[in-house]
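Trainee: Kindly return the folded structure for what I paste below:
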Amino acid sequence: MKKRFLLMMSLCVFSTGYIAYSQTYKWLRVSELQSPFNAVGAEFELEFSGIVGRGFNYLAWQPQYDIDQSAERCKGFWIGCKNFNDPVQRIVKPVKVIGAGPKTTADLNQIFPQSIRLIGKYRHPNVVVDDAESSTISSYDVLDEVDPNLPCDRMIVIKFNTSIGISVTKKIMVFSQSDHGNYFIYDFVLKNTGIIDLAGTVQAQALDSVWFFWNYRYAFGGVSSLVYNPTWGAQASQWGLSTLYHAFGENPNASAFTDPASSFYKLRGFYSYFSPISSTGGNPQGLTYNEDWGCPNLSENGELASAKYAGCVTLHADKSSQDATDDESQPRTTYYISPDINILSSATPSQYDDAFMNDRWAAITEGHPAQQWDEIVGTSGSTYAETVRDPRRNTGGGASMDQGFGPYQLAIGDSIHIVFAEAVSGIGWEKGREVGANWLQWKRNNNGPTLILPDGTPTTDYNEYKKAWVFTGRDSLLKSYQIALSNYQSGYSLPQAPPPPNTFTITSGGDRIQLSWANNAISAPHFGGYVIYRAEGLILNWRSVYTKIYETSDPNVVSYDDTTAHRGNDYFYYIQSKDDGTQVSGKTLYSSLFWTLTNTAALLGRPAGNALEKVRVVPNPYDIRSRVYQFGVNSQYDRIAFYGLPPKCKLKIFTENGELIWQKDHVTPTGDEVWDSKTSSGQIIVSGIYILYVEVAQDTYDTWMNKDNSLLYKKGDSVFRKFVVIR
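Mentor: As a prediction, this is how the structure comes out:
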């Protein structure tokens with residue numbers, strides 16, 4: 001009989017374990033921290049393959065420099081209790097643990113999704129470049145509801161039931177403006193409803209010694225070590241092998257917790273950060289341990305890919321189901337654990353395997369360690385994360401972090417409220433470029449610019465200089481924790497930046513690129529004007545550089561002509577509304593850049609040609625050996641320009657043998673078009689002779705006339721141009 005029961009349960013798990021609930025997700029992509037969230041309450045490793053960047057991770061920080069700035073690989077959520085009267089086995093189980101993640105997708109015999117909704121305070125702006133929708137967030141920021149009274153800019157609301165009888169309402173909130181855009185607030189209400197299956201069956205029972213448990217696996221490889229395409233960082237860092245953890249606030253009576261002057265004042269949580277992998281542990285650049293802090297890029301200019309910190313801070317945890325005051329002794333479990341041991345990585349985590357449940361229960365209720373993980377591993381180079389082995393803490397893939405809240409007694413109808421914030425911070429790409437470039441000059445030449453430490457003192461120890469700047473990320477993260485805590489305790493009544501313009505329009509021109517925007521922000525309290533930034537050549541890429549090109553405090557200004565652009569280059573823009581600087585002393589508040597960030601290039605071109613004989617190919621011949629001189633930042637794309645085109649025409653490129661390899665409709669109001677030397681199927685062309693064919697479009701003659709009303713072009717007029725490519 002027992003074998004028959006186990007067989008039935010295994011068939012049930014097999015048949016439902018990979019139902020595509022992983023495809024039911026929503027994004028938060030309006031701030032400096034961006035991530036997708038699943039309807040089953042946890043984010044699984046590799047779940048969003050091909051969706052969350054090439055690294056398949058979560059918590060992308062500063063994603064204007066590439067969505068692969070991710071900091072988290074996966075997250076697990078479990079619920080456990082003692083003495084559970086199991087309706088399937090029909091026995092009282094000493095312990096019962098159910099949940100989702102962190103490594104594998106949810107067992108739908110344990111988690112029963114009900115709904116997932118994205119709510120916004122207002123809809124995102126309409127962003128248009130040359131008459132085409134061009135917002136970087138429009139396909140992700142698809143609202144189910146608009147609520148102008150929302151306490152945040154965006155909120156995801158997830159509801160699901162569980163086989164342990166607890167129903168979960170999970171809210172994830174994001175605040176997009178200055179100082180608040182790098183954290184998410186998670187608000188959980190965990191209620192004993194007795195609902196134990198997808199059909200809504202109720203088994204009413206009091207739950208004994210209930211624990212709520214989250215597991216986090218952070219990784220800081222990002223663009224430096226993409227899983228399937230490592231660049232300059234160790235691939236292992238993409239999985240978190242090199243991540244260190246440090247918990248704090250475990251003793252609410254400690255001076256660091258009670259002293260208002262302390263960076264840890266009233267904070268309880270943990271932080272994580274990148275620890276170098278030594279050359280013997282897989283560093284592809286051959287850097288020593290002390291050289292690899294921040295993961296500098298030797299192949300270019302020393303850019304630091306991993307100069308950031310991430311973690312979680314508790315904002316509130318009920319003392320009991322009858323006492324909603326904050327329990328400063330929660331969470332009661334803050335331990336590090338290997339993400340690759342069976343209880344975290346099992347593909348079929350059975351809720352009826354007693355040994356498995358006991359092992360998970362031990363992790364949930366483990367308490368606090370005597371020594372933190374980064375203290376064991378060390379940060380001075382004497383030991384390395386990859387060499388510190390423990391059958392439970394690190395089996396070769398590094399460690400992850402646990403947080404357990406409990407134990408709680410829950411009668412039927414009782415609930416527990418837990419709130420925490422997850423944040424990412426650090427020195428960022430702007431400072432990371434500066435510090436990395438200074439470090440690299442000293443490494444190569446044993447000399448370079450004056451090195452100034454964060455405390456303002458000079459040094460010639462370039463490794464210590466870089467490490468000191470990387471370590472300032474901890475203070476930045478702790479400051480973010482304090483901001484999130486203050487925001488929560490204020491009832492989310494933080495000062496607001498003016499909203500972004502409702503519309504942002506960019507139009508390519510012959511002698512300028514024209515920008516215009518709606519003036520809705522001027523009615524907001526403390527409106528202070530606008531600021532516009534521009535990136536040349538690249539967007540959502542770690543090489544991108546954003547430069548401020550315009551700022552105004554005049555509320556009547558709703559347009560700007562960019563006359564500093566150069567022909568042949570791509571330009572991307574965003575506009576931010578700003579306040580008048582009176583809400584926060586010494587600080588200006590800005591709306592999020594992601595509301596208006598464009599993802600379609602605007603191009604500066606000469607006016608459309610007035611005769612087909614003026615069509616030409618530039619350069620001709622194109623020689624790859626001179627690519628550095630071609631069209632600035634984008635020269636790596638082998639760009640060839642076609643000048644003097646009619647305003648509307650069809651372009652085709654043929655090989656010398658007459659094979660059509662590329663075509664495009666030219667519809668911009670300029671006479672320019674650029675080609676990246678690739679066929680329509682994405683293949684890079686080889687050396688040879690090519691032919692450009694230009695044919696006047698059907699409606700061109702309707703609008704383009706000479707001053708004497710004679711036609712500039714006639715429908716079907718065409719011209720051929722031969723050009724040479726040398727590769």
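Trainee: Mind naming the longest helix for the protein?
Mentor: Ranked by residue count under DSSP state H, the longest helix found in the chain is helix 462-489.
Trainee: For the residue nearest to Gly473 when sequence neighbours are not counted, grab the count of nearby residues.
Mentor: Counting by CB to CB, 6 or more residues apart in numbering, the nearest residue to Gly473 once its immediate chain neighbours are dropped is Gly426, at 3.6 Å. Heads up, the C-betas are built off the backbone N, CA and C, glycines and all. Neighbour count of Gly426, defined by other CB atoms under 10 Å: 29.
Trainee: Could you pull up the residues touching Gly426?
Mentor: Contact criterion CB atoms under 8 Å, 6 or more residues apart in numbering gives 61, 307-309, 432, 470, 473, 476-477 as the residues in contact with Gly426.
Trainee: Going through those residues, which ones are buried?
Mentor: Buried positions within the contacts of Gly426, assessed by neighbour count (16 or more other CB atoms under 10 Å), are 61, 307-309, 432, 470, 473, 476-477.
Trainee: And the contacts of stretch 432-449?
Mentor: Outside stretch 432-449, the residues within contact range by CB under 8 Å, 6+ apart are 291, 294, 296-298, 301-305, 307, 426-427, 451, 460, 462-463, 465-466, 469-470.
Trainee: Looking at the residues you listed, which are in strands?
Mentor: Judged by DSSP state E, the subset of the contacts of stretch 432-449 located in strands is 426, 451.
Trainee: Report all helices and strands that the longest helix of the chain contacts.
Mentor: When contacts are defined as 3 or more CB pairs under 8 Å, 6 or more residues apart in numbering; DSSP states H and E, helix 462-489 packs onto strand 183-195, strand 269-274, strand 308-320, strand 415-426, helix 428-445.
Trainee: In this protein, where is pLDDT below threshold?
Mentor: When the per-residue scores of the chain are filtered using pLDDT under 70, the ranges that remain are 1-23, 46-57, 226-230, 278-282, 347-349, 382-386, 627-637, 669, 698-712.
Trainee: hey, where'd the helices end up in it?
Mentor: Ranges of helices within the chain are 2-16, 255-258, 342-345, 354-364, 373-377, 428-445, 462-489, based on DSSP H.
Trainee: Of these, give the one that comes closest to Glu133.
Mentor: The closest of the helices of the chain to Glu133 is helix 428-445. By CB to CB, the value is 27.2 Å.
Trainee: And the closest one, how far out from the chain middle?
Mentor: Distance of helix 428-445 from its chain centroid, counting by CA atoms, centre = their mean, to the nearest Å, is 24 Å.
Trainee: got the buried residues for it?
Mentor: Along helix 428-445, these residues count as buried under the neighbour rule (16+ other CB under 10 Å): 428-429, 432-443.
Trainee: what's the domain layout of the chain?
Mentor: Following the assignment in automatic domain parsing, the chain carries domains at 17-426, 503-603, 612-726.
Trainee: Including distance to Gly456, could these go into TSV?
Mentor: As requested, these are exported to TSV (distance: least, CB to CB, whole Å):
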stretch	distance to Gly456
domain 17-426	19
domain 503-603	19
domain 612-726	34
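Trainee: what's the most buried one of those?
Mentor: When neighbours are counted by mean count of other CB atoms under 10 Å, the highest per-stretch mean among those falls to domain 17-426, a mean of 20.
Trainee: Tell me the bridge partners for the most centrally placed residue in the chain.
Mentor: Centroid-nearest residue in the chain: Ala60, 1.9 Å away (criterion: CA atoms, centre = their mean). For Ala60, the beta-bridge partners are Gln34, Ser70 (DSSP bridges).
Trainee: Any figure for the gap between it and Ser306?
Mentor: Separation of Ala60 from Ser306 (CB to CB, to the nearest Å): 14 Å.
Trainee: Thr668: which of the contacts of Gly426 is nearest?
Mentor: Top of the list for closeness to Thr668, among the contacts of Gly426 and by CB to CB, is Trp61 at 35.0 Å.
Trainee: show me the contacts for that closest one.
Mentor: Residues in contact with Trp61 (CB under 8 Å, 6+ apart) are 32-33, 69, 71, 182, 308, 310, 424-426.
Trainee: Turn those residues into a markdown table, columns for distance to Pro331.
Mentor: A markdown table is the format used below for the contacts of Trp61 (distance: CB to CB, whole Å):
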| residue | distance to Pro331 |
| --- | --- |
| Glu32 | 26 |
| Leu33 | 22 |
| Gln69 | 28 |
| Ala71 | 20 |
| Asn182 | 22 |
| Lys308 | 24 |
| Ala310 | 17 |
| Val424 | 20 |
| Ser425 | 21 |
| Gly426 | 24 |
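Trainee: Now flag whichever of the residues you listed is closest to Val128.
Mentor: Proximity of these to Val128 (CB to CB) peaks at Glu32, which lies at 23.9 Å.
Trainee: which residues touch that closest one?
Mentor: Going by CB under 8 Å, 6+ apart, Glu32 touches 61-63, 181-182, 592, 594.
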